[in-house]
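*Asks:* What follows is a predicted structure for the sequence shown.
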Amino acid sequence: LGNTGKYEAGDRVYISVNGDREGRARPVDARGFLTGVYRDEVLLAAAKGVTFVSDRQSDRENGYNIGEVEVARALEQECGYGELQDEYGRMGVWRPKAEVEAAEKAAAEAAA
């Protein structure tokens, strides 16, 4: 199902955004805030604490995926989310920042 407008904390929501091409739909305004359907769906899902899935950081840095970069910034700044890598390093996995910080702390303690 896609963009149902109804989300639960256990949902995984994939975000895909136009890259650097002519006529692309920008997910954010000039100030970096989500706009349109991106704003409506992402903020609604974030309020429920879903897991967002997007391109991993290395794919966002390739110069073409500028929309993915914009969404990553909005997830951090507007939604209060932080990024984890999936266990295989193939996708960016976004959770509420407090959960990301707790996971990072637990990993650091386990490694010590």
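*Replies:* All right, it came through fine.
*Asks:* need the strands for the protein, in chain order.
*Replies:* 12-14, 51-55, 81-85, 91-96 (DSSP state E).
*Asks:* could you dump those strands to a markdown table with mean neighbour count and distance to Val69?
*Replies:* Glycine gets a C-beta too; all of them are placed from N, C-alpha and C. Shown next, in a markdown table, are those (neighbours: other Cβ atoms under 10 Å; distance: least, Cβ to Cβ, whole Å):
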| stretch | mean neighbour count | distance to Val69 |
| --- | --- | --- |
| strand 12-14 | 14 | 17 |
| strand 51-55 | 20 | 9 |
| strand 81-85 | 18 | 12 |
| strand 91-96 | 20 | 11 |
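*Asks:* can those go into JSON lines with extra columns for distance to Gly36 and mean pLDDT?
*Replies:* Converted to JSON lines, those look like this (distance: least, Cβ to Cβ, whole Å; pLDDT from 0 to 100):
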{"stretch": "strand 12-14", "distance to Gly36": "16", "mean pLDDT": "92"}
{"stretch": "strand 51-55", "distance to Gly36": "17", "mean pLDDT": "92"}
{"stretch": "strand 81-85", "distance to Gly36": "19", "mean pLDDT": "88"}
{"stretch": "strand 91-96", "distance to Gly36": "20", "mean pLDDT": "93"}
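*Asks:* Reformat those as CSV; add distance to Asn62.
*Replies:* Compiled in CSV, those are given as follows (distance: least, Cβ to Cβ, whole Å):
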stretch, distance to Asn62
strand 12-14, 19
strand 51-55, 9
strand 81-85, 16
strand 91-96, 13
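*Asks:* The ones you listed: which one's closest to Asp40?
*Replies:* Asp40 sits nearest to strand 12-14 of all those, at 12.7 Å, using Cβ to Cβ.
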